[in-house]
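Participant: make a model of this:
(2 chains)
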Amino acid sequence: MNEFIGFTVSGLVSAGLYAIVACGLTLTYTTTGIFNWAHGALVAVGAFSYWQFAVDWGLPTPLAAAICLLLVGPLMGVTLEAVIMHRLEGTSEATRMVVTLALLLGVLAGMNWIWPPSQQRLVPRIAGGHVLTVLGQRVPYSDILVIATGLLVAVGLRTLLYRTRAGVEMRATVDDRTLATLNGASPSRTAMRSWAIGSTLAVLAGILIAPRGALSATTLALLIVNAYAAAVIGRLRSLPMTFVGAVILGLATGYAQGYVGSRQDITGYQYLVGLVNVLPVVVLFVALQFLPQSRLRGARVLRVKEVSSRPTWPGTLVLAVSVVIVAVAVAPLLSPGDLNSVTKVWGLAIVALSLVPLVGYGGRLSVCPLSFAAIGAVVVSHLGGSGNPVVIIWAVLIAAACGAVLSLTVIRLSGLYLSLATAAFAVMLDNWILTLPKFTAVIRVPFTDVTLYRHEITIFEGGSLDVRRPSFFGVHTTGDHAFFIYGAVVFALVTLVVAAVRRSDFGLRLIALKDSPVGYATLGLNGRLTSMAVFAFSAGLAGLGGAVYGAAIQRPSPNVFSFFSGLSILLAVVILGVNSIGAAAAAGVFVGGPALTNLFPGLAQLSSTLIGTAGIGLGDNPNGAVPAEMRPRWRPVPRAPVVLVGGLAAVVITYFLTLAGVLGNWTFATVLVVVLLAMPPVARYVAEIPAPRPVRDAEADGLSGPPELLGLTLPVTSADLDRVSREISVPRPRPTGGSHGT
Amino acid sequence: MTTTETALIELHQVRAGYDEVEVLHGIDLSIPVGQVLAVLGPNGAGKSTLLRVLAGLHPPTSGDLVIGGNVMTGADPTALALRGLCLIPEGRGVFPNLTVAENLWLLTNRGATRRDVEQAAFHAFPVLRERRNQLAGSMSGGEQQMLAMARAIATDPALLLVDELSMGLAPRVVSQLFESVARIGESGVTIVVVEQFVQTVLGVADRAVAVVGGRIVLDGSPTEIAPELHSAYFAGNPDQEDDR
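Facilitator: From the prediction side, this is the model:
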């Protein structure tokens, strides 16, 4: 009985923490319409700030807590609103999510800079040593504080939102910002208030969670993903249900940890211990299945911001051939170390490319690209021991099958809920499936001992996979040089496949489904089947990317396929242009290339920080850098052949001089950058083309208001006259021989 | 109906538009205190833009908006709302995810108590009392428009702007709503009604103007205006014709 009470108390403590986090998240979502993926990162900032004041600088606990709660929390919220969230008004849900995901990555990278993870940080318990005896169980004051705070926060927020005018004003602003203004509310003040309260609650959770183990920003941010389950149980609206969700979640984890997680003697412990750790995300995944069916929605014609242009065959062929030529040309210039490091670029680029059909064309924001890549790598490792290239097909097929299965479970979800489900899947895979020990899969004829299939499955046994590089008809890719070119060829082939898909009937269907699900359904087309097909296709490509990526690293560990690593790829490809095939190549080079590490060896977080910062600015330009900035700038170059040939000649001559050892690599890189930067303006000057107007969004280029206000002038017909007469309830005058027109 | 010649609102050569497209081409309009003014015109004439300019939701590109003798061009809509301007926007001007009671609670911004607001609203539209704890979004279109109109009744505005009150509603509900507009007008509130349901609105208005192509082409009493509307809608502004 004592044991049960102990587990219950432990569960309630988790419930208190989950309640504070989930209520803060629900508050900002309910009052601003933005789901803040970075809420966990704000919790981490709260915990580390508290450590900084209370431990590192030695301030008294109450003072340190007061500074965090009254200064750090509100200030962080107000800054977030003023600098980032304020600009998200009128952007799509996907853009909002990507911006907050970028914020998550950026804040974590920034924290790792300020508080290097190499140092261990411990925070003493609040009121340490004092205990209260409840039903014979000694419960520390700090635990009681957490439980009570969780309850108070839930009750307090409910009261604020439903029993005060300020709270009703906050909810009204989400419903209709303009109407709220007409009622005397100030939306900017309301939003500022919401973010300040939400951020302070995150800091409060951070302070309470800080004494519960060594501080780690990533672990805290991920731990907080667990609390999302409670918020989803409350459907991101109801605070009482969120609290109930937090209690269910807390107790479930408490009992699971107590009865399973700490008992190594139970059967199957080694398989279940991981499940205990990911129980909250399993609950999240299940809770998402019980959300009400979303209604089909039509497109908001005037608010279309994302543009998906159709790739041309000549353009795609130029890209594909260029990729291979660049790989062949660059490989001899790289040092053995750099060449080894750069081999992973193409695998990551293929994973990035897998997001183009799914997120770009299909509008399905999945945040688990590396999960399917991990499946691809495991398959290749498991089946391709001798470097047999056929196993790559198996990797594609099995990853695609897993994608299809996942899509079946999330097929009715879209937008935020789909992203949450894929995040839950990624975390489940990271923290449970990929850490499973060896097991045997057996298929028997029911009620008999006849075994149809028996296979021993190994997933990351011993911490890393052994992925062999393939051989084709006697050509081995085991060396870094050969593998680098092989990766480029595979990537080039995949670009052609993706272009073919976008240009096909299926590609057209994807765009149609994204633009207007209701229009798609009324055409008699099956949206679910299309969704499943694109999920499977994307997962297959990611599996292929994983096979190439795994073979590049040769001994990949599970952490290279982690949720956060996948997030970097997703953000990079979205920032560069998720509708653009070229953006995927650039994303792979940026995330996997060693350029930044070589240029700034002391700045390990630079890549994540840059991605995070660029992603935060995405609200201003949701189309991404490649289609919106680079492509319009480069368009005049082919129209000025002198500049094109001259630029290429300069690069080729410098390249051969570098190859011959006359010039150094850095000189070549400098010339390359200068030529690339100079060609567009010079071409524009030579061809006398005016400076481009970057495509900010479709709205700016298309309709900016109701068509009738923008001057559609058509001849007036007799039928029009009759209709207008009818509508204004005035009898039409008898014709006098004249005619009306505009 | 009581009207005085003291102008509550004046527009002087107001021009406004969207991006590079000008929608209002120099509007001059003076609305005396207590007048019920109907703004008529075909789709795209600029009626709603005119109303948005009056409410401070859309800043004019040039010209002046004078309210009560003070130049208020570019004033913040929140500030105008707190000074007694009430706009019932096109469509249903309610918060669908708030209950009726919460919608009414937001009307206390000018100092009235919740009790006063509810009493006034429920007196005008008794059905809202039965729906008090229901989400506004789950009510019928007519009931939602009643709730929107309750703002005009409960906040005791100095100037009421109503945009397309009849949109998508049954004629019986439209009549009921216009009756309440007439009652508010009788209490001395200045009202500007934008409407395509010409006959109904002319029945409650003291004066009407027709806006065509961003210009006022007719201005007079309802009886003067009615016979001219058809030709005005299609002939447009004679000056405009000359411009071509």
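Participant: all strands of chain B, in order?
Facilitator: B:7-18, B:21-32, B:36-40, B:62-67, B:70-71, B:85-88, B:159-163, B:190-194, B:207-212, B:215-220 (DSSP state E).
Participant: looking at those strands, which is nearest to residue A:372?
Facilitator: The minimum distance between residue A:372 and the strands of chain B falls on strand B:7-18, with 45.0 Å, by CB to CB. Yep, even glycine has a C-beta here, placed from its N, CA and C like the rest.
Participant: thinking again about what came up before, for the strands of chain B, which one sits closest to residue A:288?
Facilitator: strand B:85-88 (39.3 Å).
Participant: ok, residues contacting stretch A:256-274?
Facilitator: A:3, A:6-7, A:10, A:276-277, A:279, A:431-433, A:435-437, A:439 (CB atoms under 8 Å, 6 or more residues apart in numbering or on different chains).
Participant: keeping just the C-alphas, turn that stretch into PDB.
Facilitator: Output in PDB follows, covering the C-alpha atoms of stretch A:256-274 (Å, rounded to 0.1, in the frame of the first residue of the first chain):
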ATOM      1  CA  ALA A 256       4.600   2.900 -15.000                       C
ATOM      2  CA  GLN A 257       7.900   4.100 -13.600                       C
ATOM      3  CA  GLY A 258       7.200   2.500 -10.200                       C
ATOM      4  CA  TYR A 259       5.800  -0.800 -11.300                       C
ATOM      5  CA  VAL A 260       7.800  -1.400 -14.400                       C
ATOM      6  CA  GLY A 261      10.600   1.100 -14.900                       C
ATOM      7  CA  SER A 262      12.400   0.300 -11.600                       C
ATOM      8  CA  ARG A 263      12.000  -3.500 -11.600                       C
ATOM      9  CA  GLN A 264      14.500  -5.300 -13.600                       C
ATOM     10  CA  ASP A 265      13.200  -8.700 -12.600                       C
ATOM     11  CA  ILE A 266       9.900  -8.500 -14.600                       C
ATOM     12  CA  THR A 267       9.600 -10.400 -17.900                       C
ATOM     13  CA  GLY A 268      10.500  -8.300 -20.900                       C
ATOM     14  CA  TYR A 269      11.900  -5.500 -18.800                       C
ATOM     15  CA  GLN A 270      14.500  -4.600 -21.400                       C
ATOM     16  CA  TYR A 271      11.700  -4.100 -24.000                       C
ATOM     17  CA  LEU A 272       9.300  -2.300 -21.700                       C
ATOM     18  CA  VAL A 273      11.700   0.200 -20.000                       C
ATOM     19  CA  GLY A 274      11.900   2.300 -23.100                       C
END
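Participant: okay, the strands of chain B in TSV with distance to chain A and mean pLDDT next?
Facilitator: Output for those, formatted as TSV (distance: least, CB to the nearest CB, whole Å; pLDDT from 0 to 100):
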stretch	distance to chain A	mean pLDDT
strand B:7-18	4	88
strand B:21-32	5	89
strand B:36-40	8	91
strand B:62-67	15	88
strand B:70-71	19	83
strand B:85-88	5	85
strand B:159-163	9	89
strand B:190-194	13	91
strand B:207-212	10	91
strand B:215-220	12	90
